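Peer 1: Structure for the following, please:
(one chain, ligands or ions: 1)
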Amino acid sequence: MGEVIRVAVSGASGRMGQEVARTVRAQADMRLVAAIDVAGAGSDVAQQDGSPCGVIVQSDISKALGETDVMVDFTRGDVAPANILAAVRAGVACVVGTTGIAADAMARIGEAAREKSVPVLVAPNFALGAVLMMRFAQEAARFYEWAEIIEMHHENKIDAPSGTALRTAELMTSDKTFQSIKNETEKLPGARGAQHGGVRIHSVRLPGLVAHQQVMLGGSGETLTLRHDSMSRVSFMPGVMLAIRAIRGRTGLIVGLENLMH
Ligand code: NAD
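Peer 2: Down below sits the predicted model:
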């Protein structure tokens, strides 16, 4: 067997962190070496599965990263930058799924990654189908002047719009602005959703949902709808594992899983 990749999970007690820790432990070429979270510190990361694995959740990231090759971060947009910068300064490659990271924090991460020659991948969506949906939406954007995005997530998601919706709109509007209704009135503020480059973005939050997105483009007498559904968090794991394997050997800030999928 080749070299084993030593992986740390930040946000290890959360919904995504638990799934990542479980999946990493099942890979023959990876070893879970650290779990970082402010919740559940002191307990075994696999306690919820009823099969302790000996990796104890730690709250102090500076003590957790000693023997780590890649840190995976699924935390919150406001706290992730500090974790990522700590990892980069320690020379640890990062795979980041956390959404809602502010633009100025992202710029600081990019600068640090460049200075330290450490790779950092930030991907708003690790589901392979969602990456394809974004690519197809970008392609379709060339042929339409009107588009709206409806993103749907579980009721515990705290940032809106979703990172995937924002990234989709950014890709669709990289070299154009979509048309929008002039002089429209909203009887209830927010009725028409948010807006990026003329693309309206609507955020639905409901229990029972995981992560879903519909991109609608409208033309003369026709509409085109692109839809992706993540039915379970398992859908994100092939993309996260791909990123852990592909990130080493890269350098600097990389945004979007598509840059590692060839
Ligand atoms: P969650 O609330 O279940 O988990 C977040 C975890 O981060 C919690 O356990 C919390 O205690 C921990 N945390 C908070 N502050 C911390 C700190 N300073 N250091 C370490 N851990 C800290 O949330 P979730 O559903 O697992 O989602 C996490 C993030 O991942 C969100 O930003 C979400 O939008 C994003 N997400 C991304 C993808 C993707 O494919 N990129 C998919 C799903 C979710």
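
Peer 1: The residue of the stretch 1-150 of the chain found nearest the ligand: what's it in contact with?
Peer 2: Residue nearest to the ligand within the stretch 1-150 of the chain: Gly14 (2.0 Å; CB to the nearest ligand atom). Backbone N, C-alpha and C define where each C-beta goes, glycine included. Gly14 makes contact with 37, 39, 74-75 under the criterion CB atoms under 8 Å, 6 or more residues apart in numbering.

Peer 1: Excluding chain neighbours, what is closest to the residue of the stretch 151-262 of the chain found nearest the ligand?
Peer 2: For the stretch 151-262 of the chain, the residue closest to the ligand is Phe236, as judged by CB to the nearest ligand atom, at 4.4 Å. Nearest residue to Phe236 in three dimensions, chain neighbours excluded: Phe126, at 4.1 Å (CB to CB, 6 or more residues apart in numbering).

Peer 1: Double-check that neighbour against Ala243; I have them as touching.
Peer 2: Yes. With contact defined as CB atoms under 8 Å, Phe126 reaches Ala243; the gap is 7.1 Å.

Peer 1: what is in contact with those two at once?
Peer 2: Going by CB under 8 Å, 6+ apart, residues that sit against Phe126 and also against Ala243 are Leu257.

Peer 1: about what we covered before: let me know the pLDDT of the residue nearest to Phe236.
Peer 2: The score at Phe126 is 97. That number is its pLDDT.

Peer 1: check contacts around it.
Peer 2: 97, 236-240, 243, 257.

Peer 1: Now that we have these, which of them are buried?
Peer 2: 97, 236-237, 239-240, 243, 257 (16 or more other CB atoms under 10 Å).

Peer 1: Which of those fall in strands?
Peer 2: When strands are assigned by DSSP state E, not one member of the buried ones among the contacts of Phe126 lies inside them.

Peer 1: now for the residues you listed, which pair is the farthest apart?
Peer 2: Met237 and Leu257 (12.4 Å; CB to CB).

Peer 1: Got the domain ranges for the chain?
Peer 2: The chain resolves into domains spanning 5-122+234-260, 128-231 when parsed by automatic domain parsing.

Peer 1: Endpoint to endpoint, the shortest one covers what distance?
Peer 2: Meaning domain 128-231. 13 Å (CA to CA, to the nearest Å).
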